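Asker: coords below, sequence missing:
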Ligand SMILES: [Zn+2]
Ligand SMILES: [Zn+2]
């Protein structure tokens, strides 16, 4: 599916910046922060616009947000099998301690955890730490 088709099939209007950001996320082997995306875009983008684009991707199920222990948000594109509406951060991530790269471990699902009665889970994450293949 082309970038335009992917945007449309997720209910998003096609704009130049949406196309550029989606292309960037899908080509990257790692999750990208706002700053990473801003730096890599072919044209300078307004910060607020960029924030909205990433947010719209998250809402539409085209990307998911990965929060690391320092609280930095990074975005990664969702694999095509990703369900557009039930795609919270359901897999584990790997963080490289050398380059700070965050990688999706899409095959490693987060375990279903039963929390005590009355508790509500609003977020869960499973992060592995070590060295990526380029830094090993
Ligand atoms: Zn690395
Ligand atoms: Zn991920």
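Answerer: That came through, no problem. Quick caveat, the model's predicted, so the values are computed rather than measured. Ligands and ions are numbered 1, 2, ... in the order given.

Asker: So in this protein, which strand runs the longest?
Answerer: strand 102-109 (DSSP state E).

Asker: Residues touching that one, excluding its own?
Answerer: 29-31, 66, 68, 74, 76, 79, 90-96, 126, 128, 132 (Cβ atoms under 8 Å, 6 or more residues apart in numbering). Where C-beta positions appear, they are placed from N, C-alpha and C, glycine not excepted.

Asker: C-terminal to the lengthiest helix in the chain, which secondary structure element comes first?
Answerer: Criterion DSSP state H: the longest helix present in the chain is helix 47-60. Next along the chain after helix 47-60, taking DSSP states H and E as the criterion, comes strand 63-67.

Asker: now that next one against helix 47-60, angle please.
Answerer: Using axes from the mean of the first three to the mean of the last three Cα atoms, to 10 degrees, the direction of strand 63-67 lies 110 degrees away from that of helix 47-60.

Asker: and whichever helix or strand comes after strand 63-67, what does it pack onto?
Answerer: Note on strand 63-67: by DSSP H and E, the next helix or strand toward the C-terminus is strand 73-77. With contacts taken as 3 or more Cβ pairs under 8 Å, 6 or more residues apart in numbering; DSSP states H and E, strand 73-77 sits against helix 16-27, strand 32-33, helix 34-40, helix 47-60, strand 63-67, strand 102-109.

Asker: mind checking which of those is nearest ligand 1?
Answerer: strand 102-109 (8.8 Å; Cβ to the ion).

Asker: Name the residues of that closest one that come out as buried.
Answerer: Residues of strand 102-109 classed as buried by neighbour count (16 or more other Cβ atoms under 10 Å): 102, 103, 104.
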